[in-house]
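Peer 1: Compute the structure for the input listed below.
(chains A and B)
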Amino acid sequence: MKRGWPLLVGAGIGFALLYVPLAIMVIYSFNASKLASVWGGWSVQWYGELLANDQILTAAWVSLKVAAMAASIGTVFGTLIGYAMTRFGRFRFRLLLSGMATAPIVMPEVVTGLSLLLLFISMEALLGWPAERGIDTIVIAHATFCMAFVAVIVQARLADLDVSVEEAAMDLGARQPRVFFDVTLPALTPALVSGWLLSFTLSLDDLVIASFVSGPGASTLPMVVFSKVRLGVTPEINALATLMIVLVAICVGLAAWRMARAGKG
Amino acid sequence: MTAPAAQRAPTSAPKSDRAFIRIEDVVKTFDGFRAVDQVSLDVAEGEIFCLLGGSGSGKSTLLRMLAGFETPDAGRIEIDGQDMTSVPPWDRPVNMMFQSYALFPHMSVAKNIAYGLKQDGMSRADIEAQVKRMLDLVKLSALGHRKPNQLSGGQRQRVALARALAKKPKALLLDEPLSALDKKLREETQFELMDIQDSLGTTFIVVTHDQEEAMTLGSRIGVMDQGKLVQVDKPRDLYEFPRNRFIADFVGSVNIFEGVVAEDLPDRVTIASDALGGAIHVHHGMSCQEGQTVWVAVRPEKMVLRREAPTGVLGETVGGMAQGVVEDIAYIGGLTHYRVVLPSGQRVRATLANRERHDDAAPTWEETVWISWAGDAGVALTS
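Peer 2: Numbering: from 1, shown residues only, chains lettered A, B, ... in the order given. Presented below is the predicted three-dimensional model:
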């Protein structure tokens, strides 16, 4: 493998940059020392303390709820947008819709967060809803960018999908929305699953937008972690991060296993 | 390569001469481009009608208008006496077999076939019985539980056929039904398709770009070019009596000699052709004037190629003759194609059947030969 070694070195450096920090963090989560950066022998005490920390557990639960709801809402609306953009032919304002629907992807998070905050405040003044900012407003905010990602994924999948399969269903006597549920949706399932998972991760990850639109009593995990880190990294955070890596690994593994099975079937 | 039309069993003849599918002055425009331009066509019940044309000729658009996926800008489409012009696809009594087969990938073969029946609200037992009949018809009884991606190309084609026939449509529309199959399988499938059509008596409308396929399958063929239906005829008539140069050239291969009418008699025409370097006699009358430019079409297999001058009398048994040099020979087994250059520079194709294993008398490269054809072999065309 004469030609192979520069490639291997490059790949090695790349992977090292990605995974060595993670590995160090995982190791330090088992650190007995109270100081996050000084090794004091093996211990699982920080996992115990983590599970006893109500603030973190509550925040984690809020984050999971927000991510699940935002991903679901975003997937439904994103699918509708993607479908309209690929299957409704050339309608008026199509370009405008496609531009506006995907804008949240490239919009700076600060702008999105601030504008949504202003929206919620004026809505509260005019409509009386949302009465206070909290989980609801975070879900709405996250659903907007989730929708944009799902729309792009669904659009790409639908563009690849043979239109004549849907036409065949119509030809055999099915009307809309029957055709959509019988034929289009099953073909879209892989795209929807990956769109939902991506949305879930993005929502779980978001700090900036959530900070703008959340209210008292509704702190997401990134918000809590960030506020803790400002006071100094504790081994507890390392333990939390390790658990999140395990969770993500399980999710990715499941998705890969499903896709491999679908490929064989 | 042009095979003459297969002789059809009388059972496949149309049930009646009544126009079962009637297309009247249909026009379809896409962005100012006339995809289908004033097409009128009647198809009889029980016939296999082939729409033949190159890509962009409008044949698929016409088929899609019959299925209901496109609405004509003008004109009328009638199926079995009912106006279908603006009826949506799900309410039409016709079904379509798609070029890509368009099988539902997540459903089993049996579910695919049952789909249309389910939409009609048929009872479970009836659906099962009909699915079984269809699977038997296309000889796939053992594979009902398989998914489409576990089937071969030929099997998928049969599933698509069974699915489209399951609802007992008044007409089956087939979009390039055999184009995805390899040559051997395509030939077998052609005959199977004809057998199935015979046994069901369903009207078939087949779109194809393959003229051999059109000739084998079709009881009649309509040739389309640039959105217009140029000629509608039985395969043999289409081949032997093309209406113009486009048809003559599109359906099979042909030699075309340009010339000027020298003598116009009621039952024969004499044409002076510089391209041939002599007179051409056509043994059929035509409406033309002396001095008018016409074109004589002669099929390669009707050309006679000899070293000696033809013995017949020009204008009686011989329609035309000229001397030329063999430029190219293509031996393809059953036939040999010759290309002969005439002094005028025109190239003539002649096809000879290889009846003998060894034919030492066959002309070879660079040899000077005579080409000629019988008096009734040529067709004079005015356009």
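
Peer 1: C-alpha from now on. contacts and neighbour counts both.
Peer 2: Will do.

Peer 1: Can you pull the phi and psi angles for the residue of the stretch 251-383 of chain B found nearest chain A?
Peer 2: Distances between the stretch 251-383 of chain B and chain A by CA to the nearest CA are smallest at residue B:251, namely 29.6 Å. The phi/psi pair for residue B:251 (degrees, to the nearest 10) reads phi -100, psi 100.

Peer 1: Enumerate every residue touching residue B:205.
Peer 2: B:48, B:49, B:50, B:51, B:171, B:172, B:173, B:174 (CA atoms under 8 Å, 6 or more residues apart in numbering or on different chains).

Peer 1: so what secondary structure elements neighbour the longest helix along chain A?
Peer 2: Counting residues, the longest helix found in chain A (DSSP state H) is helix A:54-87. Where contact means 3 or more CA pairs under 8 Å, 6 or more residues apart in numbering or on different chains; DSSP states H and E, helix A:54-87 is packed against helix A:45-52, helix A:94-106, helix A:135-160, helix A:185-205, helix A:221-230.

Peer 1: With distance to chain B and mean neighbour count as extra columns, can I get those in TSV?
Peer 2: Shown next, in TSV, are the helices and strands packed on helix A:54-87 (distance: least, CA to the nearest CA, whole Å; neighbours: other CA atoms under 10 Å in any protein chain shown):
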stretch	distance to chain B	mean neighbour count
helix A:45-52	44	16
helix A:94-106	18	15
helix A:135-160	13	23
helix A:185-205	7	20
helix A:221-230	39	16
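
Peer 1: mean pLDDT for the ones you listed: which is lowest?
Peer 2: Comparing mean pLDDT across those, the weakest is helix A:94-106, with a mean of 84.

Peer 1: Show me what it is packed against.
Peer 2: helix A:54-87, helix A:135-160.

Peer 1: which residues sit in contact with whichever residue of the stretch 151-265 of chain A sits closest to chain B?
Peer 2: Using CA to the nearest CA, the closest approach of the stretch 151-265 of chain A to chain B is made by residue A:173 at 3.9 Å. For residue A:173, the contacting residues are B:89, B:90, B:91, B:116, B:119, B:120, by CA under 8 Å, 6+ apart.

Peer 1: Quick check, pLDDT for it.
Peer 2: 93.

Peer 1: Using the three-state scheme, assign it.
Peer 2: With DSSP: H, G, I helix; E, B strand; the rest coil as the basis, residue A:173 sits in coil.

Peer 1: Now do stretch B:129-146: distance to the chain's middle.
Peer 2: 31 Å (CA atoms, centre = their mean, to the nearest Å).

Peer 1: ugh, wrong one, I meant stretch B:120-129
Peer 2: Stretch B:120-129 has its C-alpha centroid displaced from the chain centroid by 38 Å (CA atoms, centre = their mean).

Peer 1: cool, and stretch B:33-43?
Peer 2: 17 Å.

Peer 1: outside of the longest strand belonging to chain B, which residues touch it?
Peer 2: Longest strand in chain B by number of residues (criterion: DSSP state E): strand B:318-331. Residues outside strand B:318-331 that contact it (CA under 8 Å, 6+ apart) are B:276-283, B:310, B:312, B:314, B:336-343, B:363-378.

Peer 1: Repeat that for stretch A:210-228.
Peer 2: A:55-56, A:59-60, A:62-63, A:113-114, A:116-117, A:120, A:132-135, A:137-138, A:141-142, A:204-207, A:237.

Peer 1: one step back: you'd agree the residue of the stretch 251-383 of chain B closest to chain A is up against residue B:239?
Peer 2: Yes - the pair residue B:251 and residue B:239 qualifies as a contact (CA atoms under 8 Å) at a distance of 6.4 Å.

Peer 1: Which residues of the stretch 1-150 of chain B lie near chain A?
Peer 2: Proximity of the stretch 1-150 of chain B to chain A, by CA under 8 Å from any CA of the partner chain, involves residues B:67, B:69, B:89-92, B:94-96, B:98, B:100, B:102-106, B:115-117, B:119-120.

Peer 1: From the residues you listed, keep the buried residues only.
Peer 2: Listed as buried from the residues of the stretch 1-150 of chain B next to chain A are B:67, B:69, B:89-92, B:94-96, B:98, B:100, B:102-104, B:106, B:115-117, B:119; burial here means 16 or more other CA atoms under 10 Å in any protein chain shown.

Peer 1: How about the stretch 1-150 of chain A: which residue is closest to chain B?
Peer 2: The minimum distance from the stretch 1-150 of chain A to chain B, using CA to the nearest CA, falls at residue A:90 (11.9 Å).
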